[in-house]
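Asker: The sequence and its predicted three-dimensional model are supplied below.
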Amino acid sequence: MIRYMLIGCDDHQAMTQPESIRLPYHKTHLTLSDGDVKAVLTNRLDQFPAPADRDAESALVRSALDTPIASPLLEDLARGKRDICIITSDHTRPVPSGITMPILLERIRSGNPEADITILIATGFHRPTTRDELIEKFGRKIVDNERIVMHLSDRDEDMVEIGILPSGGRCIINRRAVEADLLIAEGFIEPHFFAGYSGGRKAVLPGVASRTTVLANHCAEFIAHPKARTGNLEGNPLHEDMIYAAETAGLAFILNVVLDEEKRIVHAVSGHFDKAHRAGCSRLSDYVRVPRSEGDIVVSTNGGYPLDQNVYQAVKGMSTAESCCRDGGVIVMAAACYDGHGGEDFYRHVRDAESPAALLEEVMRIPPEKTLPDQWEYQILSRILSRFTVILVTDMADHGMILDMKMTPAADLETAMRLAREHCSSRGITDPEIVVIPDGVGVVIE
């Protein structure tokens, strides 16, 4: 029998549930049926009224734009502005731009029909988004008719230096964003494993920042900082740099949404880039904070498509499992990783390291001004691998690549759970406690 921890009850009592747990995986789900589970840690996003259809989601967006926080209406901001830039997320984020972008364009043009609009794809340190991915994100009409520009963090000629970050790094941002008469960003808010929450100021840094600026912000010292954790903004040094970059770049207005487990819009905020974002984070926080439960085996996911597309992104779900796993235990991570490792430097450093512990020690000796590409991701992964065995469940990725990265591949959950139990048995644990986190990027463990 599965015992389910009903997160949100006053006494957190266990209760009987069906003997299977659905885990998001790519565009479908996996089913875990593994006997006695100590706890299932879930958010409470299902308590938001589910939108009946796309029109209902659009209505939430329009309502947010009608009532911006600490800001004039977007239509009023657009009046008299010639060059308007909208920053939006890339293919790794499930921002529902097919809904939000047409509304943003409509509002801008209602205030300024002559506006010259550029949609700037915030790739950060990721690969460029493909045309097919853009069509999936926006729809063909926008891709065929709007100016869409890809941010490339290593194209120095596209950048302009605008100041010095609180951390001391150079603040260099995409010229199209900085030189726009009006800079807007859309995005979504979810827990983030070192920035606290996604959305808001992250559209600028790392979204459209130069390689130099991203490296300065993502240094080993900051990634290891005790305040740089999921669900925390206060005293978070990465967040403070991001706020500076957004303000200095002139980010004037944001539209951010909250998504439920089906990636539907259930809440939206608009307005001042920091005040509206904080209001959205505060609202989300009420639904995603869950009490910690410790296990010998912790099962997690990256919330399915598109965030489980590579190992690089899957580290996020692993970091949530990390907070619940006993030392020496097993993290079973279900992530399709159909796009492979997600970063050549990330892959190479983990592959070539003598051990995760040795790699972590090496990273911690690197000064901020010499931060390497993808260093933050292999820093966190090596921290996890130095304490836990990680079994990565995928039938879409090269298992040899996963072995190279010092993880154990499994083609299905049944195999992964068998291997996890065998590992526990080898350590003298015959009846391991199992904790399941169905959406590892959708909760904040307290």
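Answerer: Happy to help now that I have it.

Asker: Can you get me a residue count around Asp36?
Answerer: The burial count assigned to Asp36 is 12, neighbours taken as other Cβ atoms under 10 Å. Every C-beta, even on glycine, is put in place using the N, C-alpha and C of the backbone.

Asker: Now it. Its backbone dihedrals?
Answerer: For Asp36, the backbone dihedrals (degrees, to the nearest 10) come out as phi -90, psi 110.

Asker: mind checking pLDDT for it?
Answerer: pLDDT, Asp36: 81.

Asker: ok so Ile86 is a strand residue?
Answerer: Yes. Ile86 forms part of a strand when assessed by DSSP: H, G, I helix; E, B strand; the rest coil.

Asker: quick one: contacts for Asp158?
Answerer: For Asp158, the contact set (Cβ atoms under 8 Å, 6 or more residues apart in numbering) comprises His151, Leu152, Asn174, Arg175, Arg176.

Asker: which among the residues you listed gets closest to Asn256?
Answerer: Nearest to Asn256 among the contacts of Asp158, counting by Cβ to Cβ, is His151 at 18.8 Å.

Asker: pretty sure that closest one is touching Ile121, no?
Answerer: Yes. Under the criterion of Cβ atoms under 8 Å, His151 makes contact with Ile121 at 5.9 Å.

Asker: how about the strands in the stretch 251-400 of the chain?
Answerer: According to DSSP state E, counting those that start in this stretch, the stretch 251-400 of the chain carries its strands in the segments 251-259, 265-271, 289-290, 295-301, 325-334, 389-393.

Asker: Please identify the deepest-packed of those strands.
Answerer: Highest mean neighbour count among the strands of the stretch 251-400 of the chain (mean count of other Cβ atoms under 10 Å): strand 295-301, with a mean of 28.

Asker: Please identify which of the strands of the stretch 251-400 of the chain is closest to Ser89.
Answerer: strand 251-259 (10.6 Å).

Asker: partners of the closest one, with directions?
Answerer: The sheet places strand 251-259 alongside strand 182-188 (parallel), strand 265-271 (antiparallel), with pairing taken from DSSP bridges.

Asker: which of the residues in the stretch of helix or strand Asp241 belongs to are buried?
Answerer: If you go by DSSP states H and E, Asp241 is part of helix 237-249. Applying a neighbour-count criterion of 16 or more other Cβ atoms under 10 Å, one finds Pro237, Leu238, His239, Glu240, Asp241, Met242, Ile243, Tyr244, Ala245, Ala246, Thr248, Ala249 buried in helix 237-249.

Asker: Any figure for the gap between the fifth one and Thr230?
Answerer: If I follow you right, that is Asp241. 18 Å (Cβ to Cβ, to the nearest Å).

Asker: Enumerate every residue touching the closest residue to Ala216 other than its chain neighbours.
Answerer: In this structure, Ala216 finds its nearest non-sequential neighbour in Gly169, 2.5 Å apart by Cβ to Cβ, 6 or more residues apart in numbering. Contacts here follow Cβ under 8 Å, 6+ apart; on that basis Gly169 touches Thr212, Thr213, Leu215, Ala216, Asn217, Asp241, Pro368, Glu369.

Asker: can you check Ile223 too?
Answerer: Ile223 sits next to Phe194, Leu238, Trp376, Gln379, Ile380 when contact means Cβ under 8 Å, 6+ apart.

Asker: give me that answer again for 10 Å
Answerer: Ile223 sits next to 193-194, 217, 237-238, 363-364, 371, 375-377, 379-380, 383 when contact means Cβ atoms under 10 Å, 6 or more residues apart in numbering.

Asker: Could you check what's spatially nearest to it, not counting adjacent residues?
Answerer: Of all residues not flanking Ile223 in the chain, Trp376 sits nearest, at 4.9 Å (Cβ to Cβ, 6+ apart).
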